[in-house]
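S.K.: take this sequence and fold it.
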Amino acid sequence: MTDSETPNPISIGLDDGYAFTKVALSDGRLIAIPSQARIGRANVTWLNGSEQRVFEYETDDTLFAVGEVDGEPTHFDGYPFSGLNRAIVQHALHKAGLAGRSVHAVSGLPVSSFYLKDGSQRLEVVERKRESLKQGVRPIDDRQPAAISFHEVIPEALAAWYDHIISEASGGVQLEAERLGEPVAVVDIGGRTTDFVVVADQAVRHNSSGSLRCGLLDVKRQVADGIRGRFDLEELSERATEDAIRNGSVRLFGKTHDVADQVRDARRQLVERLHAETQRQHGRGAELERILFVGGGAVALADDIGDWFPNQTVAPHPAFANARGMLKYLRYVCQEPA
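M.R.: Below is the predicted model of the structure:
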């Protein structure tokens, strides 16, 4: 019997997003890695093995390099079912110390990918996502793969609602009864999508729920396009783009160039679009008990979204709200096999 077939599987919440992949574990650890990988070998020789930052995985007869690489785009419709996704998830599981272990996981899909407009599930899409992550992924070294033996899928943003209503403490688990029936809107600002869910009386209100196809990756893409155009570049690395967004400057041709205006303009355009859609979905939010902001965008755009509603709040460690909620759903709501 291999390690991945041993009893006592590890339960995780798995938020395998387009920009970052997050893992929540029962021991309280929260792991995040960039969703960056490319097809093919790493083509890097590490002079110090302990500094290795790119790892190789094979799935469905395709080799992927995962880690500090200029990754393939993840913002395509088939990403949640792709080998690219599986390789990145496997790397996240290894970063979480789950090599050679059997894993039970709950992950998510954007609200509009999970539900049809009438509120029924997109059963084929959900099943495709459920089965994809159970396919084998092999590390190209002496490490053992983590094997996802049970996998359930729920809507993103709704996962954050489960995180909101279920509290865990040393004394056990507690259902926040006063939060269970109150009308709550969750705004989940992610990498490729921003998801909206309204839950009231333990029911999803579909006329106020859905997905907007924009997120933090739009800022990244717009900044990179602007720098390439301004300096007549064919390519710009992931690291240079991220440095430009973080610092407002980019190092090219041995000099530092100010790109703060381009970064501000990209952020402004994203914030304006998000604000307009949030108001379209929720109006002034007068009849909502609270509007809960989650996702990486709730951190990155905190200064821009802080005063949209008088009854808004930001979840603790908002980038991990979905992952925590997925884990709570697995442990306390769904029928996890023994």
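S.K.: low-confidence ranges in the stretch 1-150 of the chain?
M.R.: By pLDDT under 70, the low-scoring segments of the stretch 1-150 of the chain are 1-7, 45-51.
S.K.: do the same with the stretch 201-338 of the chain
M.R.: 338.
S.K.: please, where are all the helices along it?
M.R.: 216-231, 238-247, 260-282, 296-300, 302-305, 321-332 (DSSP state H, counting those that start in this stretch).
S.K.: the first one packs against which elements?
M.R.: The helices and strands touching helix 216-231, judged by 3 or more C-beta pairs under 8 Å, 6 or more residues apart in numbering; DSSP states H and E, are helix 238-247, strand 249-252, helix 260-282, helix 296-300. Where you see a C-beta, it was placed from the backbone N, CA and C, and this is true even at glycine.
S.K.: what are the C-alpha coordinates of that helix, in CSV please?
M.R.: C-alpha atoms of helix 216-231 as CSV (Å, rounded to 0.1, in the frame of the first residue of the first chain):
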residue,chain,number,x,y,z
LEU,A,216,-6.6,42.0,-10.5
LEU,A,217,-5.2,40.3,-13.5
ASP,A,218,-6.7,43.1,-15.6
VAL,A,219,-4.4,45.6,-13.9
LYS,A,220,-1.4,43.3,-14.5
ARG,A,221,-2.3,42.9,-18.1
GLN,A,222,-2.9,46.6,-18.8
VAL,A,223,0.3,47.7,-17.0
ALA,A,224,2.4,45.1,-19.0
ASP,A,225,0.8,46.1,-22.3
GLY,A,226,1.5,49.8,-21.5
ILE,A,227,5.1,49.2,-20.6
ARG,A,228,5.7,47.1,-23.7
GLY,A,229,4.2,49.7,-25.9
ARG,A,230,6.0,52.6,-24.3
PHE,A,231,9.5,50.9,-24.5
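S.K.: any idea how many residues pack against Glu176?
M.R.: 11 (other C-beta atoms under 10 Å).
S.K.: so what pLDDT did the closest residue to it other than its chain neighbours get?
M.R.: Take Glu176 and drop its neighbours on the chain: the residue closest to it by C-beta to C-beta, 6 or more residues apart in numbering is Ile165, 5.0 Å away. Note on Ile165: pLDDT of 94.
S.K.: so how far is Gly210 from Ile165?
M.R.: 21 Å (C-beta to C-beta, to the nearest Å).
S.K.: Arg86 touches Lys134, doesn't it?
M.R.: No: using C-beta atoms under 8 Å, Arg86 makes no contact with Lys134, being 9.4 Å away.
S.K.: of these two, who's got more company?
M.R.: Using other C-beta under 10 Å as the criterion, Arg86 and Lys134 rank with Arg86 on top: 24 against 14.
S.K.: relative to Val103, how far out is the more buried one?
M.R.: Counting by C-beta to C-beta - Arg86 and Val103 are separated by 13 Å.
S.K.: then stretch 28-43 to CSV, C-alphas only?
M.R.: Taking Å, rounded to 0.1, in the frame of the first residue of the first chain, the C-alpha atoms of stretch 28-43 are listed here in CSV:
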residue,chain,number,x,y,z
GLY,A,28,-4.8,26.4,10.9
ARG,A,29,-2.1,26.8,8.2
LEU,A,30,-2.9,28.9,5.2
ILE,A,31,-0.7,28.4,2.1
ALA,A,32,-0.6,30.6,-1.0
ILE,A,33,1.4,30.3,-4.2
PRO,A,34,1.2,32.3,-7.5
SER,A,35,-0.8,30.4,-10.2
GLN,A,36,2.2,30.4,-12.5
ALA,A,37,3.4,27.6,-14.7
ARG,A,38,4.4,26.9,-18.2
ILE,A,39,4.5,24.0,-20.6
GLY,A,40,7.9,22.4,-20.9
ARG,A,41,11.0,22.0,-18.8
ALA,A,42,12.3,24.7,-16.4
ASN,A,43,15.6,25.0,-18.3
